[in-house]
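Chemist: take a look and give me a structure for this.
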Amino acid sequence: MDAPRIGPIDAELALAEVRARREQVIDANLVPGWFWPSLGVLMLLFVGAVESGRPWLVATGSVAYALGLSALIISIVRHARIQVRNDLLGVRGGLAIAAFTLALVAAGIGLGFALEALGVPAPATIACVPVAAGLAFGGPVLMSHLRKLMLARPLAGSR
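Modeler: Numbers count the residues shown, from 1 in each chain. Here you go, the predicted structure:
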């Protein structure tokens, strides 16, 4: 049996359709921009409540954080209609996420300890401000970088 001949124009149109669909899948599953500043604000409020040391404020802040984070996660899960395969993200994508996370954690912990050593009041809350800003501004940059990485991967994947 002979395979049907597909003309060059038809092949190019089919590849364009595959690329467009892949772009839709990737865009539908990236974390939206509003998530990052929302998470930063929640973290900042939670750390401030815990650092206050007032039991009622710690309890209220903890409950508010849990409810807020739950609402964010539910919104993200509802937003993502399908799941991107891990091989589409690739090792470079995983390393970018890890580097972003480690940089924010190191900045927050390092600044917090330095402020505490200097005797600054509320060192954890103050140290959380640049972390929240890093989330708000860096999160969308990370998503853009991941999008570029995923779109640059070969259509057939690695073989």
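
Chemist: okay, strands next: where are they in this protein?
Modeler: Taking DSSP state E, the chain contains no strands at all.

Chemist: ok, residue 52 touching residue 58?
Modeler: Yes: with contact defined as CB atoms under 8 Å, residue 52 reaches residue 58; the gap is 6.9 Å. Heads up, the C-betas are built off the backbone N, CA and C, glycines and all.

Chemist: and residue 116, how close does it get to residue 123?
Modeler: To residue 123, residue 116 is 4 Å away according to CB to CB, to the nearest Å.

Chemist: who's more crowded, these two?
Modeler: Neighbour count, other CB atoms under 10 Å: between residue 116 and residue 123, residue 123 has more, with 18 against 15.

Chemist: so what pLDDT did the more buried one get?
Modeler: Residue-level confidence at residue 123 comes out at 96, pLDDT.

Chemist: contact partners for it?
Modeler: 111, 112, 113, 114, 115, 116 (CB atoms under 8 Å, 6 or more residues apart in numbering).

Chemist: so in the chain, which helix runs the longest?
Modeler: helix 86-117 (DSSP state H).

Chemist: which positions in that helix come out as buried?
Modeler: Burial within helix 86-117, assessed by neighbour count using 16 or more other CB atoms under 10 Å, is assigned to 88, 89, 90, 93, 96, 100, 104, 108, 111, 112, 115.

Chemist: what's the answer for stretch 41-49, then?
Modeler: Neighbour-count burial for stretch 41-49, counted by 16+ other CB under 10 Å, picks out 42, 43, 44, 45, 46, 47, 48, 49.
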